[in-house]
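A.B. asks: no sequence for this one, just the structure:
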């Protein structure tokens, strides 16, 4: 991309530049979201022990359930459990190319839950349903999309879910 004479350093994060690469759509404009649509995100991710430990150490979470095999064997699950905020962060990241790649802002996350544990070696699959969308009344170039993201392990067991509100730009402001 740096050989492109129209490329200006520091602008590669702009939507028009990302789309111009032609690699794939990255995010959606407000008009492109349809209520009731479900996006099955790609790729899935197998969570390794290293992923879990690094996230715990980076966030100063030293709970032995995540880091200590001897402790975890005596706990309720009988083995190490992946730290919940990593599962959430991973799911959010996996959904970016379909949901918030063009976002102006992530406004809120609601109803985050972890109904079942994630273990080292589990592969996580993520899907997001569009619940609603509402154009901004004060700024005609954007709108809020509310989505519900679900995370499943390789056995189809729901391991996490959350809702979030995303502020996204309109592709054609003023044309409703």
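C.D. replies: That came through, no problem. In this text the structure is predicted, and so the values were computed from the model without any measurement. Numbering: from 1, shown residues only.
A.B. asks: can you pull out the helices in this protein?
C.D. replies: With DSSP state H as the criterion, the chain has helices at 15-20, 49-58, 64-67, 69-74, 84-95.
A.B. asks: spatially speaking, which residue is in the middle of this protein?
C.D. replies: Nearest to the geometric centre of the chain sits residue 92, at 1.5 Å (Cα atoms, centre = their mean).
A.B. asks: quick one, which of the helices of the chain is nearest to residue 167?
C.D. replies: Taking Cβ to Cβ, helix 15-20 is the member of these nearest to residue 167, at 13.8 Å. C-betas here are computed from N, CA, C, even on glycine.
A.B. asks: Can you tell me the closest non-neighbouring residue to residue 64?
C.D. replies: Of all residues not flanking residue 64 in the chain, residue 71 sits nearest, at 3.8 Å (Cβ to Cβ, 6 or more residues apart in numbering).
A.B. asks: burial of the one you found, as a residue count?
C.D. replies: Other residues near residue 71 come to 13 when the count uses other Cβ atoms under 10 Å.
A.B. asks: thought residue 72 was touching residue 63?
C.D. replies: No - at 9.9 Å, residue 72 and residue 63 do not qualify as touching, with contact defined as Cβ atoms under 8 Å.
A.B. asks: Looking at the two, which has the bigger crowd around it?
C.D. replies: residue 72 (20 against 12).
A.B. asks: Just the buried residues of stretch 34-54, please?
C.D. replies: 39, 41, 45, 47, 51-53 (16 or more other Cβ atoms under 10 Å).
A.B. asks: contacts for it?
C.D. replies: With contact meaning Cβ atoms under 8 Å, 6 or more residues apart in numbering, stretch 34-54 is reached by 66-67, 80, 82-83, 86-87, 90, 94-95, 97-99, 118-133.
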